[in-house]
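# just a sequence and a predicted model for now, questions to come.
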Amino acid sequence: MIENFLNIVRVRDLRNKVLFTLAMIGLYQLGSNIPVPGISYHAIQQVFSEASGQGVLGFLDLFSGGALSRAALFGLGVMPYITSSIIIQLLTGVIPKLYQWRDEGSSGERKITQTTRYLTIGLALVQATGLVFVFHSGLGLFLANGQSVDLIPQFTVLRVLFIILTLTAGTALVMWMGELITERGVGQGMSILIFANVVSVIPTAGRLIYDQAGALKLIVIVVVVVALLVAIVFVELGQRRIPVVFARRVVGRRMYEGGRTYIPLKVNQAGVVPIIFAASILYFPVLLSNIVRWKPLVTFVNDHLLNATSGFYIVTYGLLILVFTFFYVTVSFDPYQQADIIRQQNGYIPGVRPGEETRRYLSRILNRITLPGAVFLAAVAVIPSILLAAWHVTSFPYAGTTILIAVGVGLETVKQVNSQLTMRNYEGFLR
């Protein structure tokens, strides 16, 4: 590890990429602390000092690095872009045009990226509109004394439009910064920003747990978190390798030798996507309750969806994660397509006939490893919430999600850095 760090410092190109990534993270943190004009700064300070993130709003605040609770310029964070990317990826297997673009190579990829950007702006407008009503009504930003705070006392049409446009522009700027990190920095841009967000709130969350529960329960939480960390690393690196054998092929006058390879199927094939999608689904009634002021709906949202330690929230959240894990894995890994690709390349799985039997074999293996992966993902998301609910602690119910994101992004970034260092060593050897 120390040797890799020294190599990063020595290699000029890699060093510049790391410094550029750190600079973008610093700019993002700066924008996460600049309040949106038109919102009461005194009310923001009151909420930030006394309120603790609750339910779905607390989850969204986690992904924005606390910018949502501060009503900052980057208050929406990366959630609109992530949701847009997930929607486009899911629709690729349903809409023929998107499926055609995916098979067009780099030109089709640019079209999909542009469509994702437009959808991100649309989702940001919808979410910003809902958050304006949240800030005005005080719903979800309850203080310790049970009262709500109006962040927009002068609720005029022009002021509301200005705040909505500012939050949407902040989302567009975050999307641009993430793409710059991907092009000129280290790692996947949006993942790096998410990593910086969730890690930045850990010290504050630990302090809140200490204030509410005491030192002993904080130590127990830390032990549970360390155990989850070990389990997440073990599961993230776990995969089922399906061997594939390719026979010799004659193309024109040339003969291509066969070979052996494998299809890696990860235990946690879906990553953190089901958690994000489940939170997005639970977030919709919160926005609806602020626009449609129907008393039963508002009461239901306050009692359940804005209370991350309620039994209904924990059970619903876990079930949605299970459902979306199977749904996302089914869409992202198509056994029909994989079986067809293997057959076209004159390959086969040992002991399995090409074609329909290969498709059934891949489907069976995928379902067998997806079930424990889905249960593990749901357990990581809800176990800390169950523990904190038993202790009546509402400050930080997302420890498992935070570790899952941090470990996943950290492992992928380290792999990319190591691959670049390895490529650099090969280039030096060839010279």
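Sure, I can see it.
# tell me the domain boundaries of this structure?
Domain assignment for the chain by automatic domain parsing gives 18-200, 213-431.
# the longest helix along the chain packs against which elements?
Within the chain, and with DSSP state H defining each element, the longest helix by residue count is helix 356-390. Packed against helix 356-390, as judged by 3 or more Cβ pairs under 8 Å, 6 or more residues apart in numbering; DSSP states H and E, are the following elements: helix 215-237, strand 239-246, strand 259-266, helix 273-291, helix 311-332, helix 335-344, helix 399-430. In short, each C-beta sits where N, CA and C put it, glycine included.
# for the record, mean pLDDT for stretch 355-369?
Stretch 355-369 carries an average pLDDT of 87.
# what comes into contact with it?
Stretch 355-369 has contacts (Cβ atoms under 8 Å, 6 or more residues apart in numbering) with 240, 242, 263, 265-267, 269, 329, 333, 335-336, 338-339, 342-343, 348-349, 352.
# out of the residues you listed, which are buried?
Those of the contacts of stretch 355-369 that meet the buried threshold are 242, 263, 265-267, 269, 329, 333, 335, 338-339, 342, 348-349, 352, by 16 or more other Cβ atoms under 10 Å.
# looking at those residues, spot the one nearest residue 19.
Using Cβ to Cβ, residue 266 is the member of the buried ones among the contacts of stretch 355-369 that lies nearest residue 19, at 31.7 Å.
# and the next element down the chain from the helix or strand bottoming out on mean pLDDT in the chain?
Ranking every helix and strand in the chain by mean pLDDT, DSSP states H and E puts helix 55-63 at the bottom, with a mean of 58. Tracing the chain C-terminally past helix 55-63 and defining elements by DSSP states H and E, one meets helix 79-92 next.
# just the angle between that following helix and helix 273-291, please?
Interaxial angle of helix 79-92 relative to helix 273-291 (axes from the mean of the first three to the mean of the last three Cα atoms, to 10 degrees): 120 degrees.
# begin at 43 from here
Got it, the first residue is 43 from now on, which makes the last one we talked about helix 121-134.
# so what's the gap between the helix or strand following helix 121-134 and the chain middle?
Using DSSP H and E, the helix or strand that follows helix 121-134 in sequence is helix 138-144. How far helix 138-144 lies from its chain's middle: 24 Å, per Cα atoms, centre = their mean, to the nearest Å.
# other SSEs contacting helix 138-144?
In terms of contacts (3+ Cβ pairs under 8 Å, 6+ apart), helix 138-144 is packed against helix 121-134, helix 148-179.
# buried ones in that helix, by neighbour count?
140, 143-144.
# about what we covered before: hey, which of the domains of the chain is tucked in deepest?
A comparison of the domains of the chain by mean neighbour count, using mean count of other Cβ atoms under 10 Å, puts domain 60-242 on top with a mean of 19.
# CA atoms of stretch 151-166 as CSV?
Below are the C-alpha coordinates for stretch 151-166, written out as CSV (Å, rounded to 0.1, in the frame of the first residue of the first chain):
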residue,chain,number,x,y,z
GLU,A,151,-23.0,5.6,-26.0
ARG,A,152,-22.9,9.4,-26.6
LYS,A,153,-26.6,9.4,-27.4
ILE,A,154,-27.4,7.5,-24.3
THR,A,155,-25.3,9.9,-22.2
GLN,A,156,-27.0,12.9,-23.7
THR,A,157,-30.4,11.4,-23.0
THR,A,158,-29.3,10.7,-19.4
ARG,A,159,-28.3,14.4,-19.0
TYR,A,160,-31.7,15.6,-20.2
LEU,A,161,-33.5,13.2,-17.9
THR,A,162,-31.3,14.4,-15.0
ILE,A,163,-32.4,18.0,-15.6
GLY,A,164,-36.0,17.0,-15.7
LEU,A,165,-35.7,14.9,-12.5
ALA,A,166,-33.9,17.8,-10.8
